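> pasting a predicted model and its sequence here:
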Amino acid sequence: MPYRRIRKYTTKEKLKRSLSVESSIVSVKKNKFQTLKSGFLELSRLIEQNEKNLFIVLFSIILVLRVNCIFYTPINSDEPQHLHVIWSWTQGLVQYRDVFDNHAPLFHLLMTPIMAFFGPRPDIIIVMRFVLLLIFLATLLVIYLLSKSVFGHRAALWTTLCSSTTLCLGLPTYFLRKTIEFRPANLWILLWLLILLSLVNSKFDFRSGIITGALAGAALCVSLKTIIMLSSLIGAVILMQLVYPKGEIICKKPFYWTGGLMMGISIIPFIVVALFFMLEALPQLFYCTVKHNIMIGMIKHRLRFNLLFSFSALLILTWSIRKLISNPYVKITDKKVIFMILVGGVYGSLLKLYPVVEKETEISLFPLLIILVVGISFKIVDNCKCKVKKITLNTFTLRRANNPLPLLMIPLILLPMFRTASELEKWSKSAYMSSEKNKKELITPRTYKYLLEDIFKITTSSDYVMDLKGQSIYRQRPFYYALELFTKKRLRLGLIEDSIIEKCLDTKTKVVVLSRYYPARDYEFFQQQYVEIDQRVPSLRVVGHFIGCRNPTRTQTFPINVVIPARYAIVAEKGKVTGLLDGKPYNGPRFLAAGHHLFKARGGQGWLVLVWARALERGFKPIVRTGVCNV
């Protein structure tokens, strides 16, 4: 084998060779980067050219998903409570005086003509959810107008899309359910955004003060938590003086505007107070909306820590805004933007101090956050046109015509849509769901429709139905208080007398919607004295109880304890029941007075059940879940 001489490179040659290899690698990477960059910018340009069509397609998909959610989203117990209060107005009853409710009255008064128009129907929750869909669309319109007035048309379009998918903190289904449920919070958020819109575009004269005040007064009559919103507006005005220490005059005639504002705020609350004064329900209005909802120490609340945290957060926010104004890369000096940032910061801090913050209250903060995050992002990217050139990537420039933000936001908009679709599939497969993790009972609209259909069949308008908050909607409740959060706490503390059983006996309540959220004493009574009659709706019970297990080989005597006088029938699992009831032959349904009775059974086999006769006559049959009869 011939000897092959290996060439030895000098140090200079090795360095030159390595540099050539590195330069070739860099050129390949540069070509790849150029290809990716050109494709990215081309796609951004195509999106911008077809932005309106893309908005229509995405919004149509979102609207279809939300309509489907109306039919399948599980029902919250607050929804029937609001509908029950609205129904009471249609029957001539007075809210707070005749029917308990711990919410402000304006939402129920506005919805009363709509519910009266549709009349009693088992799918009323679906119908009223569609009414709230119109409020949701109006809310999106206000979000668009508010964002457009501050950040421009293009930012407003994408802000509206993000708001419609409820893209907040990565929890779309959490906010989706709360915006679909029939509750006053939807109208409250709309009024809150209208207040911001009127302030942002205000001329700060007497007329604009009246308009803003009227909106604030309406929001106050929808929810008393509007006080937090108004406090956040006042706090934002005060912090504006710290952000702009020189203090440019925004309102040339502050006394005129303030006078109009105070006059506007008092209009609707004065009308509401006068209405309940004429109906002789003003003391009940004050108790239900204010006194009942105030319970010191109800929830463990770290007031000192939250106060320190909120104060520190506001100081940091004010300092950051001053730095933001002087930053040449951002150039956000618009006072509208600064005011909205301060309003969001103060409002979030006040919510941190509030002892009982419900989920629907938190939702009111997120439309404002979405407007600010999307709008400021568009402003920053647009202002970076000349600044990015100073960085090492000389080939990459962000142009106003090729803003890449819409391309980056599309996946963030599609992700909640896919998650919502998966939740819809889960909800559509189950009629009744129970979550052990959250210990909550979730009932879909389909099951709730069965519940109302059964109640319509076995009761009349004069019958009473016992439920937690008004699940029967179209029937009166024997117990005045709705068993919500504050009522249950007052019952445990003895501030409200637990007279549920006594009220059911006094009103001869023959139908109960059972729930494990009843007090233990009442839950045990309903379990013993009411029986299940429909497998589709396990919570629906009618008066009656299990007598005993019948042995077909011999005659047996069973004691019967009747607590509510009514017409009763005795049925068995198998065969026809015969025998002597109080010494008289039993041939069918019979009226039984309250007290003890004796039944000497001769016919029938298995479990014997005493049940309200009207339920049997309307096609229902008691459901036996106590086990096999082995006598």
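Structure's in. What do you need?
> neighbouring strands for the lengthiest strand in the chain, and are they parallel or not?
With secondary structure taken from DSSP state E, the chain has its longest strand at strand 540-550. Strand 540-550 has the following strand partners under DSSP bridges: strand 511-513 (antiparallel), strand 530-532 (antiparallel), strand 605-612 (antiparallel).
> which of those is buried the deepest?
Mean neighbour counts were compared across those using mean count of other CB atoms under 10 Å; the top stretch is strand 511-513, at a mean of 24. All C-beta spots, glycine's among them, are computed from the backbone N, C-alpha and C.
> okay, the angle between the next helix-or-strand element following it and strand 605-612?
The helix or strand immediately downstream of strand 511-513 is helix 520-529, counting by DSSP states H and E. Relative orientation of helix 520-529 versus strand 605-612 (axes from the mean of the first three to the mean of the last three CA atoms, to 10 degrees): 120 degrees.
> what residues sit buried inside helix 520-529?
Buried residues in helix 520-529, counted by 16 or more other CB atoms under 10 Å: 522, 525, 526, 529.
> how about stretch 220-228?
So for stretch 220-228, counting by 16+ other CB under 10 Å, buried means 220, 221, 222, 223, 225, 226, 228.
> do stretch 454-461 as well
For stretch 454-461, by 16+ other CB under 10 Å, it's 454, 455, 456, 458, 459.
> wait, the first one sits on residue 538?
Translated: residue 454. No. In this structure residue 454 lies outside contact range of residue 538 using CB atoms under 8 Å: 11.6 Å.
> shared neighbours, those two?
The contact sets of residue 454 and residue 538 do not overlap (CB atoms under 8 Å, 6 or more residues apart in numbering).
> got any ranges where the stretch 401-550 of the chain has weak pLDDT?
Along the stretch 401-550 of the chain, the parts satisfying pLDDT under 70 run over 401-404, 429-442.
> could I get the full set of helices for it?
405-429, 445-458, 485-493, 500-506, 520-529 (DSSP state H, counting those that start in this stretch).
> point out the most buried one among those.
With a mean of 20, the top stretch among those by mean neighbour count (mean count of other CB under 10 Å) is helix 445-458.
> let me know the angle separating that one from helix 405-429.
Computed by the same axes, to 10 degrees, the angle between helix 445-458 and helix 405-429 is 40 degrees.
> send over helix 445-458 as CSV, restricted to the C-alpha atoms.
The C-alpha trace of helix 445-458 is given here as CSV (Å, rounded to 0.1, in the frame of the first residue of the first chain):
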residue,chain,number,x,y,z
PRO,A,445,-81.1,22.7,30.6
ARG,A,446,-82.5,19.5,29.3
THR,A,447,-82.9,18.0,32.8
TYR,A,448,-84.3,21.3,34.1
LYS,A,449,-86.9,21.3,31.4
TYR,A,450,-88.0,17.8,32.6
LEU,A,451,-88.2,19.2,36.1
LEU,A,452,-90.6,22.1,35.1
GLU,A,453,-92.7,19.8,32.9
ASP,A,454,-93.2,17.5,35.9
ILE,A,455,-94.1,20.4,38.2
PHE,A,456,-96.6,21.7,35.6
LYS,A,457,-98.2,18.2,35.5
ILE,A,458,-98.7,17.6,39.2
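> same for it, what does it pack against?
Under the contact definition 3 or more CB pairs under 8 Å, 6 or more residues apart in numbering; DSSP states H and E, helix 445-458 sits against helix 124-151, strand 511-513, strand 540-550.
> now do the buried residues in stretch 147-165.
So, applying 16+ other CB under 10 Å, buried residues of stretch 147-165: 147-148, 150-151, 154-165.
> revised request: answer the last question for stretch 340-354.
The neighbour-count check on stretch 340-354 (16+ other CB under 10 Å) flags 340, 341, 342, 343, 344, 345, 346, 347, 348, 349, 350, 351 as buried.
> out of those residues, which are inside helices?
340, 341, 342, 343, 344, 345, 346, 347, 348, 349, 350, 351 (DSSP state H).
> distance between stretch 104-111 and the chain's centre?
Put simply, stretch 104-111 sits 17 Å off its chain's centre (CA atoms, centre = their mean, to the nearest Å).
> same deal with stretch 86-102?
On CA atoms, centre = their mean, the centre of stretch 86-102 falls 23 Å from that of its chain.
> quick one: residue 538 from residue 451, how far?
As judged by CB to CB, to the nearest Å, residue 538 and residue 451 stand 10 Å apart.
> cool, residue 537 as well?
Counting by CB to CB - residue 537 and residue 451 are separated by 5 Å.
> ok, now residue 316?
From residue 316 to residue 451 the distance is 51 Å (CB to CB).
> now do the helices in the stretch 151-300 of the chain.
153-164, 172-180, 185-200, 206-222, 226-243, 254-278, 282-286.
> looking at those helices, spot the one closest to residue 509.
Across the helices of the stretch 151-300 of the chain, residue 509 has its closest neighbour in helix 282-286 (22.9 Å, CB to CB).
> circling back: now tabulate the buried residues of helix 520-529 in CSV and tack on distance to residue 210.
Shown next, in CSV, are those (distance: CB to CB, whole Å):
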residue, distance to residue 210
522, 50
525, 55
526, 53
529, 58
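> returning to that earlier point: as JSON lines, the strands paired with strand 540-550 with distance to residue 232 would be great.
What follows is the strands paired with strand 540-550, written out as JSON lines (distance: least, CB to CB, whole Å):
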{"stretch": "strand 511-513", "distance to residue 232": "40"}
{"stretch": "strand 530-532", "distance to residue 232": "48"}
{"stretch": "strand 605-612", "distance to residue 232": "54"}
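> quick one on the thing from earlier: so which of the buried residues of stretch 340-354 is the closest to residue 90?
Nearest member of the buried residues of stretch 340-354 to residue 90, counting by CB to CB, is residue 351, at 35.0 Å.
> might you report the residue contacts of the closest one?
For residue 351, counting by CB under 8 Å, 6+ apart, the contacting residues are 228, 357, 361, 362, 365.
> one more time with 10 Å
By CB atoms under 10 Å, 6 or more residues apart in numbering, the residues touching residue 351 are 225, 228, 232, 306, 310, 357, 361, 362, 364, 365.
> follow-up on the earlier one: the helices of the stretch 401-550 of the chain: which one's closest to residue 379?
Proximity to residue 379 (CB to CB) singles out helix 405-429 among those, at 10.5 Å.
> what's the PyMOL line that selects buried ones from the contacts of residue 351?
To isolate the buried members of the contacts of residue 351 in PyMOL, using 16+ other CB under 10 Å:
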select buried, resi 225+228+232+306+310+357+361+362+364+365
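> among the contacts of residue 351, which one has the lowest pLDDT?
Lowest in pLDDT among these is residue 357, which has 61.
> residue ranges with poor pLDDT in the stretch 251-400 of the chain?
251-253, 295-306, 326-333, 355-360, 383-400.
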